[in-house]
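Asks: below: sequence and its predicted model.
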Amino acid sequence: MSQAIAGKVVVITGASSGLGEATARHLAALGAFVVLGARRMDLLNTIAEEITAAGGQAAVVQTDVTQAGDLKRLIDTALAVFGKVDVLINNAGLMAIAPIDALKVEEWERMIDINIKGVLYGIAATLPHFRAQNSGHFINISSVAGAKVFSPGGTVYSGTKFAVSAISEGLRHELAASGGTIRTTTILPGAVDTELAGGSSHAESAAGLQEFYKQAIPADAVARAVAYAIEQPDGVSINEIVLRPTVQEF
């Protein structure tokens with residue numbers, strides 16, 4: 001166990017698979033109490049049961065991050081079960097890759113709702129509690145596509161992830177200016193082996209993604225990066241971590 005992580009209460013959205021699941025399992029193994037939010041309760045329950053069987057502690061809440069009330073309920077549950085919240089990991093995301101000309105307007109709206117509004121709703125539900133306890137840590141999952149536009153095809157997705165990076169940096173600055181006791185970290189992964197690559201309904205783009213993701217690194221690589229950010233001593237904030245497969249050029 002990590003003494004800097006053991007006993008911390010970590011809330012994770014999009015925790016039913018991929019980065020969220022890997023991070024939940026890794027942090028629980030390091031002694032964190034994890035609160036898992038996602039829409040698929042069957043998967044959440046299985047993950048929580050396996051964490052508990054391995055000696056960890058976990059709670060689950062059915063959560064749709066496009067609904068602000070669901071994020072409030074997720075945080076309220078963490079407070080009710082464990083008495084505090086130390087870390088919020090805004091992880092839930094959708095990557096629906098397609099050319100602009102395909103006019104996948106509903107998918108654009110869905111990415112905006114999940115990737116941008118979901119992060120803001122998580123911040124809104126958690127920040128008052130962080131303020132009250134004068135501590136806390138926001139970890140927002142962006143993407144390398146939030147630093148360089150992934151095009152053709154990923155223009156709208158990149159727009160949402162640029163927004164996550166901008167929100168995170170603005171939040172970091174505002175929190176630093178008001179005392180600096182609350183941390184903000186942005187994680188920008190490259191190709192990672194998760195369900196994210198299956199989010200495109202555009203056949204040509206989907207085929208290209210499958211080829212691109214042959215170089216993907218395992219999800220627990222990101223989980224270890226998250227743990228590194230959390231375990232820093234008081235007064236130290238890891239603000240940004242970019243990680244990708246060594247062979248990934250983009």
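Replies: It's in.
Asks: I'd say S2 and A29 touch.
Replies: No. S2 lies out of contact with A29 (CB atoms under 8 Å); the separation is 9.4 Å. C-beta here means a position set from N, CA and C on the backbone, and glycine is covered the same way.
Asks: what about the longest strand in the chain?
Replies: Counting residues, the longest strand in the chain under DSSP state E turns out to be strand 182-189.
Asks: buried stuff in the next helix or strand after that one?
Replies: Once the chain leaves strand 182-189, the next helix or strand it forms, by DSSP states H and E, is helix 203-212. Across helix 203-212, burial judged by 16 or more other CB atoms under 10 Å covers S205, A206, L209, F212.
Asks: helices or strands up against whichever strand or helix holds L71?
Replies: In this assignment (DSSP H and E), L71 forms part of helix 68-82. Contacts defined by 3 or more CB pairs under 8 Å, 6 or more residues apart in numbering; DSSP states H and E place helix 68-82 against strand 9-13, strand 33-38, strand 57-62, helix 118-133.
Asks: so, low pLDDT: which residues of the protein?
Replies: 1 (pLDDT under 70).
Asks: T13 touches T23, doesn't it?
Replies: No. Using CB under 8 Å, T13 is not in contact with T23, being 10.6 Å away.
Asks: report the central residue of the chain.
Replies: When CA atoms, centre = their mean is applied to the chain, the residue found nearest the centroid is N91 (1.7 Å).
Asks: P189 contacts A145, doesn't it?
Replies: No. Using CB under 8 Å, P189 makes no contact with A145, being 9.6 Å away.
Asks: circling back: in this structure the residue nearest to the centre of the chain contacts S16, no?
Replies: No. Here N91 lies out of contact with S16, judged by CB under 8 Å, at a distance of 10.4 Å.
Asks: find residues that contact each of T13 and T23.
Replies: Here T13 and T23 share the contacting residues I89, N91, scored by CB atoms under 8 Å, 6 or more residues apart in numbering.
Asks: need the longest helix for the chain.
Replies: Longest among the helix segments of the chain by residue count, using DSSP state H, is helix 155-177.
Asks: from the contact counts, what lies against that one?
Replies: helix 105-111, helix 118-133, strand 136-141, strand 182-189.
Asks: what's next to the last one, contact-wise?
Replies: When you say that, I think you mean strand 182-189. Strand 182-189 is contacted by residues 19, 127, 130-131, 134-144, 146-147, 161, 164-165, 168-169, 171-172, 175, 222, 225-226, 229, 232, 237-244 when judged by CB under 8 Å, 6+ apart.
Asks: got the angle between it and strand 136-141?
Replies: Put simply, strand 182-189 runs at 20 degrees to strand 136-141, going by axes from the mean of the first three to the mean of the last three CA atoms, to 10 degrees.
Asks: quick one, strand 182-189 and helix 155-177 angle?
Replies: 160 degrees.
Asks: who does strand 182-189 pair up with?
Replies: Using DSSP bridges, the strands paired with strand 182-189 are strand 136-141 (parallel), strand 240-243 (parallel).
Asks: to V85, which of these lies closest?
Replies: Distance to V85, taken as CB to CB, is lowest for strand 136-141 among those, at 6.9 Å.
Asks: and the gap between L196 and Y213?
Replies: 9 Å (CB to CB, to the nearest Å).
Asks: and these two? which has more neighbours close in?
Replies: Comparing L196 with Y213 by other CB atoms under 10 Å, the one with more neighbours is L196, at 23 against 17.
Asks: skipping its backbone neighbours, what lies nearest that one in space?
Replies: M95 (4.9 Å; CB to CB, 6 or more residues apart in numbering).
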